[in-house]
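J.: Here is my input; please provide its structure:
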Amino acid sequence: MDQLMAALDASWRVLLIGALIGAGLPTLFALGVKALAWGIGGDLEKHEPGEYPKPHLRGRLIAYSLFAVVVIVAACGIGYIVAHGQGWVITFDGLTPVFAHK
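T.: I've put the predicted structure just below:
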């Protein structure tokens, strides 16, 4: 019975992380695209014909920060895969990851 509970405990954690990364990152990217469209004065705003909306700096800053989060998470995932393939262990001593030999 203990093995079943351990397997179920690990399964819900894998499911949760998979849902966050699998659905969360594309959602952040889509929000970044929408913010970028607003930031450059795209067609998301209503305007008169022949009149163009003004670009918004705040939209571009939001978009670029969301894109940076997506790139950082993807780079961390690739670094994790490569490190384990090369025989390294990743520990988080504080905020930044630390690579060490096994």
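J.: Against residue 12, how distant is the spatially most central residue of the chain?
T.: For the chain, the residue nearest the mean C-alpha position is residue 70 (3.4 Å; Cα atoms, centre = their mean). Residue 70 is 25 Å from residue 12, where distance means Cβ to Cβ, to the nearest Å. Backbone N, C-alpha and C define where each C-beta goes, glycine included.
J.: separation between the residue nearest to the centre of the chain and residue 94?
T.: In terms of Cβ to Cβ, residue 70 sits 23 Å off from residue 94.
J.: Test my guess that residue 28 contacts residue 66.
T.: Yes. With contact defined as Cβ atoms under 8 Å, residue 28 counts as touching residue 66 (5.1 Å).
J.: ok, what's across the strand from the closest residue to residue 99 other than its chain neighbours?
T.: Once flanking residues are discounted, residue 99 sits nearest to residue 88: 5.0 Å by Cβ to Cβ, 6 or more residues apart in numbering. Under DSSP bridges, the beta-bridge partners of residue 88 are residue 101.
J.: and residue 88, what does it touch?
T.: For residue 88, the contact set (Cβ atoms under 8 Å, 6 or more residues apart in numbering) comprises 99, 100, 101, 102.
J.: Where do the strands of the protein begin and end?
T.: Counting by DSSP state E, the chain has strands at residues 88-92, 97-101.
J.: Export these to JSON lines and append columns for distance to residue 19 and mean pLDDT.
T.: Shown next, in JSON lines, are those (distance: least, Cβ to Cβ, whole Å; pLDDT from 0 to 100):
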{"stretch": "strand 88-92", "distance to residue 19": "22", "mean pLDDT": "85"}
{"stretch": "strand 97-101", "distance to residue 19": "23", "mean pLDDT": "82"}
